[in-house]
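K.L.:
Okay, structure incoming, though there's no sequence with it:
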């Protein structure tokens, strides 16, 4: 199993190097192969990680918690590689070849960095890994070289660098808290920190945890440090948007959970849960309000991601084991749902040539496969049964009621319903309305197109995402359920 952990880290990095030099058609197929292989390796690791911790030297470590996030990242790597082949319309010119080379090398490198984050062993390596994701993803946001993309990338770099500076300070403070137990020089590995956390100075741990939530919350999209997210998601190429939303935000949340583990063991559950509750409610409130007024398709999905990050934070604040299981299931279901939704959005951008929802009508008729599947993905994001997000949010609400935190649960439900109305308006007006009558002309402000799919590769990626959502919602595999239970136990919650 240790060899498999090393392979899942090394293979995407090797693919990034190869795709920098290979022809575009080779890069496309290689990326698909490596993405699928990475997800397959993650599935092979799953049963073992459900029962024990896997280590590879002192640098790599897979436990149940990290396995949950590895599954989310690897799944998106596989499906996004399928989508990218159908989405990118690359010609044979020198500029197209140059763009394809940069895109596929960057995509594989970005996925490699996302895989590394949950596998490294220790707070210092965790910070380095997330810093690498920032550099690579910022370059991918700006890859289209438009004014909007460059501005979004610059804003992202500024805010993410500020946040990671705060996160580095949090890491230093947590290291300082451990010096009272381990001396001036010791390893920042998770097992070391957890073994001594009970004896850390509580004031320092509180300070470090708040800094970590604020710092890594910048990358996660928590209020008030979320402002880079809608611009970056909107301006990046759609395959990159899917990875930013479903994977990058998730691994940033993973970093917060590692600090949460230490803080909960050192301080008890009340303080870290209350901190997450404050950030979560503020984030969910902001996202729900913004979702009611969005007209840009990708910005709408970006604010939906902010909404779900608020849900994750609130779910962790409840603390009941069923709520924590719901949070971890939400990580997986959100990755599948948001990836599928962005794939559908990408299909419409290619079909209609715009992200402006006021100019798109009758998209279900124009896109007979990806259109209806996009509607299903939006319904999944809105927590409609029988999809995985319904199950995960049901668990979160059940956990909140068992605490009991009835008022917070009521606020949670009201805000989620507000977000649903924002998403459902888009679905009704853009997807389910009657299509205009002519072909390939602009009639007033409404675009009219001929019927037909953009690419079967996009359809395939969306089918895989919806199947995963149904499995997570109807009957998660026993090995996955055991993994979620064990991960919840590692976070201090036991059924």
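P.N.:
Okay, I see it. No experiment lies behind these values; they were computed from the predicted model shown. Residues are numbered from 1 along each chain as shown.
K.L.:
Buried residues, the helix or strand containing residue 38. List them.
P.N.:
In this structure, residue 38 sits in helix 24-49 according to DSSP states H and E. If you call a residue buried by 16 or more other C-beta atoms under 10 Å, then helix 24-49 has these buried ones: 24, 27-28, 30-32, 34-39, 41-42, 45-47, 49. C-betas here are computed from N, CA, C, even on glycine.
K.L.:
Can you tell me how far the closest residue in space to residue 28 that isn't next to it in sequence is from residue 30?
P.N.:
Take residue 28 and drop its neighbours on the chain: the residue closest to it by C-beta to C-beta, 6 or more residues apart in numbering is residue 85, 4.7 Å away. Counting by C-beta to C-beta, to the nearest Å, the separation of residue 85 from residue 30 is 11 Å.
K.L.:
before we move on, what about residue 95?
P.N.:
Counting by C-beta to C-beta, the gap from residue 95 to residue 30 is 22 Å.
K.L.:
tell me the contacts of residue 120?
P.N.:
Listed by C-beta atoms under 8 Å, 6 or more residues apart in numbering, the contact set of residue 120 reads 59, 60, 61, 126, 128, 129.
K.L.:
swap that for residue 434, please
P.N.:
Counting by C-beta under 8 Å, 6+ apart, residue 434 has contacts 361, 362.
K.L.:
do residue 232 as well
P.N.:
With contacts defined as C-beta under 8 Å, 6+ apart, residue 232 is in contact with 137, 141, 152, 153, 155, 156, 244, 302.
K.L.:
that older thread, out of the contacts of residue 120, which are buried?
P.N.:
Burial of the contacts of residue 120 was assessed by neighbour count (16+ other C-beta under 10 Å); the buried members are 60, 61, 126, 128, 129.
K.L.:
what's the span of stretch 373-392, first residue to last?
P.N.:
Across stretch 373-392, the straight-line distance between its terminal residues is 21 Å, by C-alpha to C-alpha, to the nearest Å.
K.L.:
Give me the mean pLDDT for that stretch.
P.N.:
Here stretch 373-392 scores 94 as its mean pLDDT.
K.L.:
just stretch 402-416 next, same as before
P.N.:
Confidence for stretch 402-416, expressed as mean pLDDT, is 90.
K.L.:
What residues sit buried inside that stretch?
P.N.:
Across stretch 402-416, burial judged by 16+ other C-beta under 10 Å covers 405, 408, 409, 411, 412, 415, 416.
K.L.:
what do you get for stretch 279-293?
P.N.:
Along stretch 279-293, these residues count as buried under the neighbour rule (16+ other C-beta under 10 Å): 279, 280, 281, 282, 283, 284, 285, 286, 287, 288, 290, 291.
K.L.:
which residues touch residue 376?
P.N.:
For residue 376, the contact set (C-beta under 8 Å, 6+ apart) comprises 387, 466.
K.L.:
Under the pLDDT cut-off, which ranges of the stretch 201-350 of the chain? List them.
P.N.:
Nowhere does the stretch 201-350 of the chain drop to pLDDT under 70.
K.L.:
Go again with 90.
P.N.:
The stretch 201-350 of the chain contains residues with pLDDT under 90 at 224-227, 233-234, 291-297, 319-320, 348-350.
K.L.:
the helices in it, which residues?
P.N.:
According to DSSP state H, counting those that start in this stretch, the stretch 201-350 of the chain carries its helices in the segments 202-220, 228-235, 238-243, 249-267, 270-291, 297-318, 321-352.
K.L.:
and the gap between residue 101 and residue 53?
P.N.:
With distances defined as C-beta to C-beta, the gap from residue 101 to residue 53 amounts to 39 Å.
K.L.:
right, I mislabeled it, should have said residue 88
P.N.:
39 Å.
K.L.:
Comparing the two, which residue is more hemmed in?
P.N.:
Looking at residue 88 and residue 53 with other C-beta atoms under 10 Å, you find the greater number of neighbours at residue 88, namely 21 against 16.
K.L.:
possible to save the helices of the stretch 201-350 of the chain as CSV with distance to residue 133?
P.N.:
Formatted as CSV, the entries for the helices of the stretch 201-350 of the chain read as follows, by distance: least, C-beta to C-beta, whole Å:
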stretch, distance to residue 133
helix 202-220, 8
helix 228-235, 13
helix 238-243, 10
helix 249-267, 7
helix 270-291, 20
helix 297-318, 16
helix 321-352, 15
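K.L.:
And those helices: which comes nearest residue 75?
P.N.:
Ranking the helices of the stretch 201-350 of the chain by distance to residue 75, with C-beta to C-beta as the measure, places helix 321-352 first at 6.1 Å.
K.L.:
May I see the buried residues of that closest one?
P.N.:
Counting neighbours by 16+ other C-beta under 10 Å, one finds that the buried residues in helix 321-352 are 321-352.
K.L.:
Compute the inter-axis angle for it and helix 228-235.
P.N.:
Using axes from the mean of the first three to the mean of the last three C-alpha atoms, to 10 degrees, one finds that helix 321-352 and helix 228-235 are set 40 degrees apart in direction.
K.L.:
Could you find the closest non-adjacent residue to residue 66?
P.N.:
Of all residues beyond its chain neighbours, the one nearest residue 66 is residue 118 (3.9 Å), with distances taken as C-beta to C-beta, 6+ apart.
K.L.:
The one you found looks like it's in a strand, true?
P.N.:
No - according to DSSP: H, G, I helix; E, B strand; the rest coil, residue 118 belongs to no strand; its state is coil.
K.L.:
That one and residue 433: what is the separation?
P.N.:
Relative to residue 433, residue 118 is positioned 42 Å away (criterion: C-beta to C-beta).
K.L.:
the more surrounded of these two?
P.N.:
Between residue 118 and residue 433, counted using other C-beta under 10 Å, residue 118 has the larger neighbour count: 25 against 16.
K.L.:
dump the residue contacts of that one.
P.N.:
By C-beta under 8 Å, 6+ apart, the neighbours of residue 118 are 62, 65, 66, 67, 69, 70, 73, 251, 254.
K.L.:
tell me which of these is nearest to residue 374?
P.N.:
The nearest member of the contacts of residue 118 to residue 374, counting by C-beta to C-beta, is residue 73 at 22.7 Å.
K.L.:
Show the secondary-structure elements that the helix or strand where residue 129 lies is packed against.
P.N.:
In this assignment (DSSP H and E), residue 129 forms part of helix 123-141. Using 3 or more C-beta pairs under 8 Å, 6 or more residues apart in numbering; DSSP states H and E as the contact criterion, the secondary-structure elements in contact with helix 123-141 are helix 94-116, helix 147-182, helix 202-220, helix 228-235, helix 238-243, helix 249-267.
K.L.:
from these, which stretch is densest packed?
P.N.:
Across those, averaging neighbours per residue (mean count of other C-beta atoms under 10 Å) puts helix 238-243 on top, at a mean of 28.
K.L.:
my read is residue 69 is in a helix, agree?
P.N.:
Yes - according to three-state DSSP, the state of residue 69 is that of a helix.
K.L.:
rewinding a little: hey, what's the angle from the helix holding residue 38 to helix 94-116? Just curious.
P.N.:
Using the same axes, to 10 degrees, the interaxial angle of helix 24-49 with respect to helix 94-116 works out to 10 degrees.
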